[in-house]
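>>> model the structure of this input:
(one chain, ligands or ions: 1)
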Amino acid sequence: MARPQRERRICALPRHTLFLPCEDGETEAVELSLDEYEAIRLMDREGCTHEQCAQVMQVSRTTVTEIYASARQKLAEAIVCGRKLVIGGGNVRLCDRSNPCGRHFCTGAGTEKDPENSSARSTGRKCNKGA
Ligand SMILES: [Zn+2]
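Got it, this is the predicted structure:
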């Protein structure tokens with residue numbers, strides 16, 4: 001039933017891709033795709049609106065809403081049921097110099113050697129409206 005998924009742009013790959021509950025939990029992993037991770041990062045960490053998130057990821061707002069809902073459901077499953085959380089997969093393309101999203105928090109374009117050096121992390125600034 002899976003239709004071919006259109007490519008989605010994300011700023012960078014996550015630095016952490018595996019989370020385990022300290023207690024014995026259920027063994028089956030919850031798999032969060034990279035685009036789902038990016039939607040959570042953009043909206044819940046950077047404070048982007050669905051519209052801004054759609055612009056960064058180059059998808060429609062409807063698609064962002066679907067990605068976000070799926071991501072939240074998976075995160076809830078992981079933390080409520082104590083399941084292993086694995087982040088990876090999905091049809092994504094990274095921000096780079098030829099395809100930048102232009103956002104201040106972007107860790108892709110122009111900073112490929114130092115993804116830690118994100119000004120958003122230290123200042124806690126929110127998503128800019130302009131690009
Ligand atoms: Zn970016």
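
>>> below-threshold pLDDT in this structure: ranges please.
Applying pLDDT under 70 to the chain flags the ranges 1-3, 25-26, 109-131.

>>> helices of that one, start to end?
For the chain, applying DSSP state H gives helices covering 34-40, 50-57, 61-81, 119-123.

>>> between these, which one is nearest to residue 94?
helix 34-40 (9.4 Å; C-beta to C-beta). To be clear about C-beta, it is placed using only N, CA and C from the backbone, and glycine gets the same treatment.

>>> so which residue is smack in the middle of this structure?
Centroid-nearest residue in the chain: residue 38, 1.1 Å away (criterion: C-alpha atoms, centre = their mean).

>>> tell me the bridge partners for the closest residue to that one other than its chain neighbours.
Counting by C-beta to C-beta, 6 or more residues apart in numbering, residue 10 is the residue found nearest to residue 38 once chain neighbours are left out, at 4.1 Å. On the basis of DSSP bridges, residue 10 is bridged to residue 94.

>>> residue 10 and residue 94 touch, don't they?
Yes - applying C-beta atoms under 8 Å as the test, residue 10 and residue 94 come out as touching, 6.3 Å apart.

>>> ignoring the adjacent residues along the chain, who's closest to residue 63?
residue 54 (7.2 Å).

>>> contact partners for the one you found?
Neighbour list for residue 54: 60, 61, 63, 64 [criterion: C-beta atoms under 8 Å, 6 or more residues apart in numbering].

>>> residues in contact with the second one?
Taking C-beta under 8 Å, 6+ apart, we find residue 61 in contact with 50, 51, 54.

>>> what does the protein put close to the ion?
11, 95, 101, 106, 108 (C-beta under 5 Å from the ion).

>>> of these, which is the most crowded?
residue 11 (24 neighbours; other C-beta atoms under 10 Å).

>>> phi first, then psi, for it.
phi -70, psi -40 (degrees, to the nearest 10).
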